[in-house]
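Trainee: Pasting the sequence and the predicted model now:
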Amino acid sequence: MKTTHAALAEKFIADEPRTDWHDETLWFVREKRDKAAHGLPEWEQLREWGSQIKNHTLSNLYNYLKEFEEKAVANGIKVHWAADGDEHNKIIHEIIRKHNIQKIVKSKSMLTEECHLNEYLQEHGIEVVDTDLGERIVQFRKEPPSHIVLPAIHLKKEDVSATFHEHLGTEKGNNDPQYLTEAARQHLRDKFVQSQLAITGVNFAVAETGGFVVCTNEGNADMGAHTAPVHIACMGFEKIIPKAEHLSVFLRLLARSATGQPITTYSSHFHKPRPNQEMHIVLVDNGRSRQLGREDFRNSLKCIRCAACFNTCPVYRRSGGHSYHTAVAGPIGSILNPNLDMKANADLPFASTLCGSCTNVCPVKINIHEQLWKWRQVIAAEGYVATSKKIGMKGMDFLLSKPKVYRFAGKMGRWMIRIVPFVVNNKLNVWYKQREMPEPPKESFRDWYLKNGKTNKK
Ligand code: SF4
């Protein structure tokens with residue numbers, strides 16, 4: 001297994017003020033989402049529709065994807081199919097090679113992160129400029145995004161200032177967001193003007209029209225696609241929806257759930273290449289068929305990547321996106337990633353309190369916390385649980401299934417914390433590392449109840 005979520009989270013929380021700030025910032029976004037959702041009387045109806053449309057689409061995926069392909073080809077778009085990330089990268093590389101292209105801009109696409117497109121192209125001597133502001137910041141820092149909607153949310157303006165000073169030559173120590181944004185704007189404008197190829201993601205692809213929609217708040221996808229002579233859109237095949245009218249459900253759900261906005265600033269519809277432009281769309285499987293075949297997890301493919309489950313998750317907010325060591329972090333990432341590589345991502349479903357807050361906010365009603373719990377069972381059955389956890393669970397099983405042993409252990413525990421506290425309060429006890437042990441009560445609740453319960457009833 002790679003470095004685990006727990007170990008990476010420990011690094012993140014070592015900086016306590018940053019952890020608090022990260023937690024509060026994401027909670028602020030969650031509150032904005034609540035306000036926007038509560039301001040819409042039909043919110044629950046929209047969630048229900050969103051969920052049902054996605055369920056229906058997943059049950060008829062083949063037909064809708066085929067319909068989309070036919071319509072898109074008729075519109076003049078070149079459609080490609082990629083079985084996995086490697087094939088996706090090769091298809092894009094081949095288009096770049098064919099046109100002998102050097103300058104590429106890319107707007108935010110979690111799929112290209114999932115497929116490690118930037119690294120692949122870099123290995124082949126091709127540089128891609130990420131044009132989403134947050135993504136450009138993390139790209140300068142050679143970091144992956146830490147959040148699917150707010151890629152640089154783990155950074156403060158002081159960090160951005162230092163990064164821009166190093167890469168864009170901005171004034172040292174100038175943390176003014178207006179100044180920094182203007183510097184990024186000038187820098188990116190040059191890249192847009194010079195670009196020969198633009199790569200975008202896809203938020204929704206519409207089967208009945210063969211068109212697709214890309215949502216951004218910065219207009220960077222449009223800037224790239226409207227200036228470059230070649231546009232490649234990359235899409236996980238679960239992004240398909242049957243009809244254009246369904247956008248009225250999903251666009252309203254997406255913007256409110258992601259940032260609390262009534263609508264994303266730019267929701268751009270692409271249907272065909274403009275004159276003298278070439279337009280491609282790459283439809284990617286990369287494990288999605290396998291997930292579709294897992295009955296307990298198939299509806300995770302309903303996800304519209306709004307990140308509401310990230311913003312509400314107490315574990316994500318206090319451990320940071322990088323601790324999930326995968327492209328898509330947070331609760332939904334912890335369901336999707338074990339499907340991609342169960343052994344390497346076996347720790348992720350355990351990075352949750354199972355409080356169910358993710359499920360409550362999900363705009364397409366994915367039962368996220370139940371799937372996390374299910375993954376734990378699958379991972380344990382497959383033998384990917386750490387030995388320490390296995391021994392611990394066996395111990396708990398023994399203790400909790402034998403009342404006499406449990407009562408005796410309780411008595412011993414209370415006695416030890418009182419008389420020999422160092423046996424419990426030591427560095428080997430991971431629980432103690434972050435906490436003060438409470439004063440032990442003189443007796444257990446059971447003992448107290450046996451003595452006082454009847455008296456109190458009267
Ligand atoms: S699982 Fe639901 S809440 Fe989380 S990103 Fe996907 S759609 Fe949004």
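Mentor: That came through, no problem.

Trainee: Check the burial of the residue lying closest to Asp130 once chain neighbours are set aside by counting its neighbours.
Mentor: Nearest non-adjacent residue to Asp130, counting by C-beta to C-beta, 6 or more residues apart in numbering: Gln139, 4.6 Å away. Every residue, glycine included, has its C-beta placed from N, CA and C. Neighbours of Gln139 under the rule other C-beta atoms under 10 Å: 22.

Trainee: Mind pulling the model confidence for Gln139?
Mentor: Per-residue pLDDT puts Gln139 at 97.

Trainee: Once you drop chain neighbours, what's closest to Lys433?
Mentor: Lys427 (6.9 Å).

Trainee: Am I right that the one you found is in a helix?
Mentor: No: according to DSSP: H, G, I helix; E, B strand; the rest coil, Lys427 belongs to no helix; its state is coil.

Trainee: so how far is the ligand from the residue nearest to Asp130?
Mentor: For Gln139, the distance to the ligand (C-beta to the nearest ligand atom, to the nearest Å) stands at 22 Å.

Trainee: what's the answer for Ala184, then?
Mentor: To the ligand, Ala184 is 26 Å away according to C-beta to the nearest ligand atom.

Trainee: and Glu127, what is it in contact with?
Mentor: For Glu127, the contact set (C-beta atoms under 8 Å, 6 or more residues apart in numbering) comprises 104, 121.

Trainee: Which secondary structure elements does the helix or strand bottoming out on mean pLDDT in the chain sit against?
Mentor: When each helix and strand of the chain is scored by mean pLDDT, DSSP states H and E, helix 430-433 comes last, with a mean of 79. Contacting helix 430-433 under the criterion 3 or more C-beta pairs under 8 Å, 6 or more residues apart in numbering; DSSP states H and E is no other helix or strand.

Trainee: do that again at 10 Å, thanks
Mentor: With contacts taken as 3 or more C-beta pairs under 10 Å, 6 or more residues apart in numbering; DSSP states H and E, helix 430-433 sits against helix 5-13.

Trainee: surely the residue nearest to Asp130 meets Ala184?
Mentor: No: judged on C-beta atoms under 10 Å, Gln139 makes no contact with Ala184 at a distance of 11.5 Å.

Trainee: Now do the shared contacts for these two.
Mentor: Overlap of the contact sets of Gln139 and Ala184 (by C-beta atoms under 10 Å, 6 or more residues apart in numbering) consists of Thr131.

Trainee: Now the residue nearest to Ala244 when sequence neighbours are not counted. Its backbone dihedrals?
Mentor: Take Ala244 and drop its neighbours on the chain: the residue closest to it by C-beta to C-beta, 6+ apart is Val206, 5.1 Å away. Main-chain dihedrals, Val206, degrees, to the nearest 10: phi -100, psi 120.

Trainee: residues near the residue of the stretch 51-200 of the chain found nearest the ligand, how many?
Mentor: For the stretch 51-200 of the chain, the residue closest to the ligand is Ile148, as judged by C-beta to the nearest ligand atom, at 6.9 Å. Using other C-beta under 10 Å, the number of residues around Ile148 comes to 22.

Trainee: Using the three-state scheme, assign it.
Mentor: coil.

Trainee: Let me see the contact set for the residue nearest to Asp130.
Mentor: Neighbour list for Gln139: 106, 118, 128-132, 145, 151-152, 163, 167 [criterion: C-beta under 10 Å, 6+ apart].

Trainee: Touching, Cys234 and Lys108? I think so.
Mentor: No: with contact defined as C-beta under 10 Å, Cys234 does not reach Lys108; the gap is 11.1 Å.

Trainee: residues shared between the contacts of the two?
Mentor: Between them, Cys234 and Lys108 share the contacting residues 200-201, judged by C-beta under 10 Å, 6+ apart.

Trainee: where exactly do the helices run in the stretch 51-200 of the chain?
Mentor: 61-74, 85-99, 110-114, 117-123, 133-140, 157-168, 177-194 (DSSP state H, counting those that start in this stretch).

Trainee: rewinding a little: now the buried members of the contacts of Gln139.
Mentor: Among the contacts of Gln139, those classed as buried by 16 or more other C-beta atoms under 10 Å are 106, 118, 128-132, 145, 151-152, 163.

Trainee: picking up where we left off before, distance from the chain centre to the least confident helix or strand of the chain, please.
Mentor: Computed by C-alpha atoms, centre = their mean, to the nearest Å, the chain-centroid distance of helix 430-433 equals 29 Å.

Trainee: Next: stretch 403-410.
Mentor: Counting by C-alpha atoms, centre = their mean, stretch 403-410 is centred 42 Å from the centre of its parent chain.

Trainee: again with stretch 347-357
Mentor: With C-alpha atoms, centre = their mean, you get 14 Å for stretch 347-357.

Trainee: picking up where we left off before, what's the pLDDT at the residue nearest to Ala244?
Mentor: On the pLDDT scale, Val206 gets 98.

Trainee: thought it was touching Leu251?
Mentor: No: using C-beta under 10 Å, Val206 makes no contact with Leu251, being 11.8 Å away.

Trainee: which neighbours do these two share?
Mentor: Taking C-beta under 10 Å, 6+ apart as the contact rule, Val206 and Leu251 both touch Val213.
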